[in-house]
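[1] I'd like to go over a predicted model; first the sequence, then the structure.
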Amino acid sequence: MLELKDISFRTPESGAGTQSPADRTIIQDLSFTFEPGSFYAITGPNGSGKTTLAKLIMGINELTSGSIIFNGSDISNLSIHERSNAGIVYGFQHPARFKGTTFRDLLSIAAGSDDEDKLVEIISRVGVCSLDFLDKSVDSKLSGGEIKKIELATVIAKNPKVAIYDEPDTGIDLWTIGPMVELLKREQKDNKTTTIVVSHNKAFLEAADTLLLIREGKIGYSGDLAGALPILEDLSVCTFNELCRGEDNAQCYR
Amino acid sequence: MLNAIDKQVLKEVADLEGIPKGAYNIRKNGALLGREVSANINIETNEKGDGIIIDIKPGTVNESVHIPVILSKAGLHDTVYNTFIVGEGSDVTIIAGCGIHCGGKESEGHSGIHEFQIKAGAKVKYVEKHIAIGAGTGRRILNPTTKVFMAENAQAEMELTQLGGVDEAKRFNDAKIGAGSVLLITERVMTEGNQTAESRNEIELAGTDSKTNIVSRSVIKGDSAQDFYVNLTASARCYGHIECDAIIMDNGINQTVPALRALHPDAELTHEASIGKIANDQLMKLMSLGLDYNAAVNRIIQGFLR
């Protein structure tokens, strides 16, 4: 069980001088409990705090206040690698590109073994990466879709108790999204992985047991997709009209 | 014939557990320690007696030559001039390198000048490793020079590596690439403490459709300094690329100067260069897979210098 208790994250406003540090609140007093083995989708408008929330759970961003309890222990002060070894793994929205480091390196770090048979087994289990990826350098030559597949495989190779995927479908072709959803469902079912997917993609929203809608750093809604639909439709109406229609501005700000 | 130090040095510079198979020439402390020639590869001392000539017969394929140098005598500064003649249509691997074992206070150094005449259609892989070990405090100095002359449609791949232990290094690579020939150079250098390393490269794409790719990977630790210069000149329709990356750790300093010069309208030359610390997103990724900060740094550097 992963419990977020009144967590907040504030960051200095960019452009603010050091004399008067104005803080911008990204996540505000957010509380939620992720039940073991369930599938969650986190959605919401751009800039609402979805990625920040995911990074707070992984420890990439440090909490300003509040606490995170994982299986009864307070992990708020644990570093990234300690949380990872406790069972929480995060798949980045924009995966790092290395020089010289290969997919095999990443996979063996995640799996804790460089045994060829084991790595091949993981790749077959993930399905979306072909075997010839193994010795590819994880560098800027990879396409956006390829690197996202590699990212997904490294998360699964770690056998996480809680897997967080930040927009896993970015750059992925239409024909792979279906199998990717199936893969995450299969991992959830077979390994009881608590799965949290940050996404705007309907396929993931439909696959989730529970949907969390984040708005302005808070949970605007949590529940099933049917209940969220009216709010999602409401959000699709442009709220920038006032700004755009002004005398000085003649462009769309969205 | 090989003592424990020799064996250790040979293992480090040439991955050898003992005397190699095939043709070899082992030089120790300025003198010949052992030599073996093969039916296709001849090695003999040059006229001046200041180096060797390695003559590879045309059409020699799947053979290798080892020419390691061991330096373990305090105060010795050894200079050699070696010439490699790689015959037409041959396909060979040359493993060179110098290992210094420093046990005293006096400095030790080696300057190896390697000249390659790569004939038409030949293919050569040249692997050169430089290391310095030992508990002594004397400075360890390595100043290698590589001169490459490539005829038509030849291929050369050069891997030049210096990973730690060397206090001072001044490298000079000079190459002239003939029509249809391809030269790939990968240089990997790691410095630490107060070490300095400099690499100067003068590469000319001389023939039509010649190609080159020059890669430099530098890791600069402690208070060390590294400079990398490359002048790539195109005198014909050709393609050339330079890629130099330096990772600075601690207080290291670096200067990277890639220069492109096109003297022909159909020359296509590009370069990319970067200097900086280890990228944060790379560290975050490895830490999110369970490595602590130091282990993550080591893995990134290991991959970078591979």
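    Received it, and whenever you're ready, just let me know what you need. Residues are numbered from 1 along each chain as shown, chains lettered A, B, ... in the order given.
[2] going forward, measure contacts and count neighbours with C-alpha atoms only.
    Will do.
[3] Around chain B, pick out the residues from the stretch 1-150 of chain A.
    Residues of the stretch 1-150 of chain A found near chain B (C-alpha under 8 Å from any C-alpha of the partner chain) are A:58, A:60, A:80-85, A:89-90, A:92, A:95-102, A:106, A:109-110.
[4] in the helix or strand hosting A:Leu119, what's buried?
    Under the criterion of DSSP states H and E, A:Leu119 resides in helix A:116-126. Within helix A:116-126, the residues that count as buried by 16 or more other C-alpha atoms under 10 Å in any protein chain shown are A:119, A:122-123, A:125-126.
[5] Any stretches of chain A with poor pLDDT?
    Scanning chain A for pLDDT under 70 picks out A:14-21, A:236-254.
[6] quick one, helices of it?
    Along chain A, the segments classed as helices by DSSP state H run A:50-58, A:80-86, A:103-111, A:116-126, A:144-157, A:174-191, A:202-207, A:225-235, A:241-244.
[7] rewinding a little: of all pairs in the buried residues of helix A:116-126, which one is the farthest apart?
    Within the buried residues of helix A:116-126, two members stand farthest from each other by C-alpha to C-alpha: A:Leu119 and A:Val126, at 10.6 Å.
[8] Kindly indicate whether the residue nearest the centre of chain B is helix, strand or coil.
    In chain B, the C-alpha nearest the mean C-alpha coordinate belongs to B:Leu160, at 2.0 Å (C-alpha atoms, centre = their mean). Of the three states, B:Leu160 takes strand according to DSSP: H, G, I helix; E, B strand; the rest coil.
[9] Kindly report the same for B:Asp245.
    When classified by three-state DSSP, B:Asp245 comes out as strand.
[10] Equivalent analysis for B:Ala74, please.
    The three-state label given to B:Ala74 by three-state DSSP is coil.
[11] I'd like to know how far it sits from chain A.
    37 Å (C-alpha to the nearest C-alpha, to the nearest Å).
[12] Can you report how many residues lie near whatever residue of the stretch 151-300 of chain B ends up closest to chain A?
    At 4.3 Å from chain A, B:Gly290 is the closest residue in the stretch 151-300 of chain B, using C-alpha to the nearest C-alpha. B:Gly290 is flanked by 27 other residues according to other C-alpha atoms under 10 Å in any protein chain shown.
[13] Leaving out the residues flanking it, which one is nearest to the residue of the stretch 151-254 of chain A found nearest chain B?
    With C-alpha to the nearest C-alpha, the shortest gap between the stretch 151-254 of chain A and chain B falls at A:Lys158, namely 6.9 Å. Nearest residue to A:Lys158, sequence neighbours excluded (C-alpha to C-alpha, 6 or more residues apart in numbering or on different chains): A:Ala110, at 4.6 Å.
[14] The one you found reaches A:Ala153, doesn't it?
    No - in this structure, A:Ala110 is not within contact of A:Ala153 by C-alpha atoms under 8 Å, at 9.3 Å.
[15] neighbour count winner among those two?
    The neighbour comparison of A:Ala110 against A:Ala153 (other C-alpha under 10 Å) goes to A:Ala110, with 27 against 24.
[16] follow-up on the earlier one: dihedrals phi and psi, the residue of the stretch 151-254 of chain A closest to chain B?
    phi -80, psi -10 (degrees, to the nearest 10).
[17] Same check on B:Gln8?
    According to degrees, to the nearest 10, B:Gln8 has phi -60, psi -40.
[18] ditto for the one 4 residues further on
    Geometry field for B:Glu12 lists phi and psi as phi -70, psi -40, criterion degrees, to the nearest 10.
[19] how about it, what does it touch?
    Applying C-alpha atoms under 8 Å, 6 or more residues apart in numbering or on different chains to B:Glu12 gives the contacts B:99, B:131.
[20] From B:Gln195, how far out is it?
    Taking C-alpha to C-alpha, to the nearest Å as the measure, B:Glu12 and B:Gln195 are separated by 20 Å.
[21] returning to that earlier point: number of residues surrounding the residue of the stretch 151-254 of chain A closest to chain B?
    A:Lys158: 24 surrounding residues under other C-alpha under 10 Å.
[22] hang on, it packs against A:Ala111?
    Yes - assessed by C-alpha under 8 Å, A:Lys158 is found in contact with A:Ala111 at 5.2 Å.
[23] For the residue nearest to the spatial centre of chain A, give the beta-bridge partners.
    Closest to where the C-alpha atoms of chain A average out (C-alpha atoms, centre = their mean) is A:Asp166, at 2.4 Å. Under DSSP bridges, the beta-bridge partners of A:Asp166 are A:Val198.
[24] what's the neighbour count on residue 42?
    I'll assume chain A. Residues lying near A:Ile42 (other C-alpha under 10 Å) number 26.
[25] wrong one, I was asking about chain B
    By the criterion of other C-alpha under 10 Å, B:Asn42 has 17 neighbours.
[26] Quickly list what B:Tyr239 is bridged to.
    Beta-bridge pairing of B:Tyr239 under DSSP bridges involves B:Lys211, B:Glu268.
[27] any idea of the mean pLDDT in stretch B:172-185?
    On average, the pLDDT along stretch B:172-185 is 98.
[28] touching chain A at all, that stretch?
    No - shown here: stretch B:172-185 not in contact with chain A (C-alpha under 8 Å from any C-alpha), separated by at least 15.5 Å.
[29] if we can go back for a sec, now do the contacts for the residue nearest to A:Lys158.
    A:Ala110 touches A:154-155, A:157-158, B:289-290, counting by C-alpha under 8 Å, 6+ apart.
[30] what do you get for B:Lys277?
    Residues in contact with B:Lys277, defined by C-alpha under 8 Å, 6+ apart, are B:247-249.
[31] unless I'm mixing things up, B:Asp209 is touching B:Gly180, no?
    Yes - if you go by C-alpha under 8 Å, B:Asp209 and B:Gly180 touch, sitting 4.8 Å apart.
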